[in-house]
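# 3D, please:
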Amino acid sequence: MSVVRWALLIAVSIAAVFTVSAYLRDRERPANDHRPNRFYCVMHPQIRSPDPGTCPICHMDLVPIPAEMLGVRTRGRRGRGNVPITITLDRRQRFDIRSVGVVTRDLAPPLRAPAVVEAPDTGRSEVHVRSAGFLERVLVRQTQVHVTRGQTLALVYSPAVYEAQQSLLAAAHLGAPDVLAAAQRNVELLGLSAGDVAAVLRRGSPLRDVPVRAPASGWVTHSEAVLGSYATPEQTLYGITDLSHVWVVANVFDEDAAHLSRGMSARFSVRDASPPPRVRLGRRPPIST
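Numbers count the residues shown, from 1 in each chain. Next up is the predicted model:
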């Protein structure tokens, strides 16, 4: 029995000496081993080793470090940073892992507000007759038609205008410059242009139908011209709007107004416009009274 005891004691002593020496050798290796790391853990990239082995965290086998990861150092606060991670194809397919390019964009939610398109007040005009009369011809019969300044919209027979033309011709026969100038001014105040007056004097007879012309270019947005109807100066025969410049008027809440500034770009979306037109925020001019 004594021989067995001594044999067991010697075996235990040898094992203890071997364990201690291996432990000391492992502690001294990091200080003396300058070999580069060639293996790492896929799940924990910070675990690297010059020799094959297992990860002390997840116990997965260490795999060779890809060439694109060699020489990459972690950096950042507290010694931490980002390092590339290589995931095999079977893992990407198993967990449905996808990658996209990094982009820079504003994460603030967009401000959406209802808006309407309005024409500026300076782009609106109305067409009236200067003297009551009958609409003998209507050349522009509908809205949404573009007209130009000076274009004839309708022809009106006005007894007062016809009589004023006869007075103009009588003054021309008299040969008195003052009387002729007064008669010409009276006819022009009733709606005839200088060209119409010259045509009356040249032909020697009055115009039966007086042209009603557009005072400005734009789109016809209102029309009350009916053939044969009796038009008065109080009646608006046509409404014309210049749409070359328009306002997009949006309604926003008070808490959203603080996020807006003059000159900021915006996008106005309508159902039939593709792509949506771009607008620039501004300030509407005050309406003069």
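# where does the stretch 1-150 of the chain dip in pLDDT?
The stretch 1-150 of the chain contains residues with pLDDT under 70 at 1-9, 11-33, 68, 70-86, 107-108.
# one more time with 50, if that's ok
20, 22-23, 31, 74-79 (pLDDT under 50).
# got it, and the stretch 151-289 of the chain?
Residues of the stretch 151-289 of the chain that meet the cut-off, pLDDT under 50, sit at 286-289.
# all strands of it, in order?
Secondary structure of the stretch 151-289 of the chain (DSSP state E, counting those that start in this stretch): strands located at 152-157, 210-213, 218-223, 230-231, 238-241, 247-250, 265-267, 278-280.
# tell me which of the ones you listed lies nearest to residue 204.
strand 210-213 (17.4 Å; C-beta to C-beta). Any C-beta I mention is one placed from the backbone N, CA and C, and that applies to glycine too.
# let me see the residues that make contact with that closest one.
Contacts with strand 210-213, where a contact means C-beta atoms under 8 Å, 6 or more residues apart in numbering, come from 127, 129, 133, 150-158, 161, 190-193, 196, 237.
# out of the strands of the stretch 151-289 of the chain, which is closest to residue 115?
Per C-beta to C-beta, nearest to residue 115 of the strands of the stretch 151-289 of the chain: strand 247-250, 3.7 Å.
# which residues are contacting that closest one?
With C-beta under 8 Å, 6+ apart, strand 247-250 has contacts from 113-120, 266, 268, 279, 284.
# returning to that earlier point: now distance to residue 182 too, for the strands of the stretch 151-289 of the chain, in TSV please.
As requested, those are exported to TSV (distance: least, C-beta to C-beta, whole Å):
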stretch	distance to residue 182
strand 152-157	24
strand 210-213	20
strand 218-223	35
strand 230-231	26
strand 238-241	31
strand 247-250	45
strand 265-267	57
strand 278-280	53
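# between those strands, which gets nearest to residue 105?
strand 265-267 (15.3 Å).
# residues of the closest one that come out buried?
Within strand 265-267, the residues scored as buried using 16 or more other C-beta atoms under 10 Å are residue 266.
# what helices or strands is that strand leaning on?
Strand 265-267 sits against strand 278-280, with contacts defined as 3 or more C-beta pairs under 8 Å, 6 or more residues apart in numbering; DSSP states H and E.
# now tabulate the contacts of strand 247-250 in a markdown table and tack on distance to residue 10.
Formatted as a markdown table, the contacts of strand 247-250 follow (distance: C-beta to C-beta, whole Å):
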| residue | distance to residue 10 |
| --- | --- |
| 113 | 91 |
| 114 | 95 |
| 115 | 96 |
| 116 | 101 |
| 117 | 102 |
| 118 | 105 |
| 119 | 109 |
| 120 | 109 |
| 266 | 91 |
| 268 | 94 |
| 279 | 95 |
| 284 | 104 |
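# which among those gets closest to residue 207?
residue 119 (33.9 Å).
# could you find the closest non-adjacent residue to that closest one?
residue 241 (4.7 Å; C-beta to C-beta, 6 or more residues apart in numbering).
# against residue 222, how distant is that neighbour?
9 Å (C-beta to C-beta, to the nearest Å).
# those two - which one has more neighbours?
Counted by other C-beta atoms under 10 Å, residue 241 and residue 222 do not tie: residue 241 has more neighbours, with 17 against 14.
# surely that one touches residue 219?
Yes: applying C-beta atoms under 8 Å, one finds residue 241 in contact with residue 219, separated by 5.6 Å.
# hang on, the earlier thing: and the contacts of strand 210-213, which are buried?
127, 129, 133, 153-156, 158, 161, 190-192, 196, 237.
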